[in-house]
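Asker: predicted structure and sequence below. I'll ask about it afterward.
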Amino acid sequence: MSETVYVKFERNTMVYEKKVNIGEIATVYATNKALQARVRAIKLLNIPDVKKGTYVFSVMDIIERISKECPEAEINNIGESDFIIEYKEKPPKKGIWNVLKIFVTCVIVFIGSMFTIMAYNNDIGVSELFEKIYELVGGEQNGILELSYSIGLTLGIAVFYNHFVGKKLSDTPTPVEVQMRSYESDVDTAVVERASRKKEEYDAS
């Protein structure tokens, strides 16, 4: 009598060990816990001596491999049909060099954002606009408009990017996070399609 085993592979999984088993990159479930453990222990990939690498797999190959190791298992895939395994050497612990890189990046981003805002304001002539408004209302230039504009611009940026002082204002993904997820999805799709055209296969023995 066959036993149903559910497997779920994510589109892209990062690993740091050279020997990769199915249980390390996929969610495996079966009512028969012994069979579940056997499926999780099946070796999927032996990574050569490289610093990093990208490997593309088809679930059909995984089902065939599981069927050979566990012929009594009936495989039900509820995840991706093609998936990517990315290998990188385990990163070293954070040190002063990483802190310095983060600091330099923050400074560059801050200066770039400041320059962009200043250039934008200069193009549309905000200062001249404020002067005209002061003339129309017959008042003196007391800086109220400039202050209000600065506060509104700050609040607008904080709401748009959903961040303020290192904290998210809501659980909604920020525009940057959305763009990063879209970029990662496009990259994964391109890698899978390129591998399919080349018919790349990886030996797990």
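Answerer: Here it is on my side, so go on.
Asker: what's stretch 12-23 in contact with?
Answerer: The contact list for stretch 12-23, computed with Cβ atoms under 8 Å, 6 or more residues apart in numbering, reads 7, 24-25, 28, 39-49, 62, 66, 83-90, 184, 188. Any C-beta I mention is one placed from the backbone N, CA and C, and that applies to glycine too.
Asker: skipping its backbone neighbours, what lies nearest the residue nearest the centre of the chain in space?
Answerer: Residue closest to the average C-alpha location in the chain (Cα atoms, centre = their mean): Arg181, at 5.2 Å. Counting by Cβ to Cβ, 6 or more residues apart in numbering, Pro173 is the residue found nearest to Arg181 once chain neighbours are left out, at 7.4 Å.
Asker: that neighbour: how many residues sit nearby?
Answerer: If you count neighbours by other Cβ atoms under 10 Å, Pro173 ends up with 13.
Asker: then Leu153?
Answerer: Neighbourhood size, Leu153 [other Cβ under 10 Å]: 13.
Asker: can you tell me the SS state at the residue nearest to Arg181?
Answerer: Going by DSSP: H, G, I helix; E, B strand; the rest coil, the secondary structure assigned to Pro173 is coil.
Asker: and the helices in this structure?
Answerer: 22-25, 33-40, 59-69, 96-124, 126-137, 144-161, 175-198 (DSSP state H).
Asker: now distance to Met14 and mean pLDDT too, for those helices, in CSV please.
Answerer: Putting these into CSV (distance: least, Cβ to Cβ, whole Å; pLDDT from 0 to 100) gives the following:
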stretch, distance to Met14, mean pLDDT
helix 22-25, 9, 90
helix 33-40, 18, 91
helix 59-69, 18, 89
helix 96-124, 18, 79
helix 126-137, 46, 74
helix 144-161, 26, 79
helix 175-198, 11, 78
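Asker: buried deepest among those helices, which one?
Answerer: Of all the helices of the chain, helix 22-25 carries the top mean neighbour count, a mean of 18, counting by mean count of other Cβ atoms under 10 Å.
Asker: next one: it to chain centre, how far?
Answerer: Computed by Cα atoms, centre = their mean, to the nearest Å, the chain-centroid distance of helix 22-25 equals 20 Å.
Asker: cool, and stretch 2-17?
Answerer: Stretch 2-17 has its C-alpha centroid displaced from the chain centroid by 18 Å (Cα atoms, centre = their mean).
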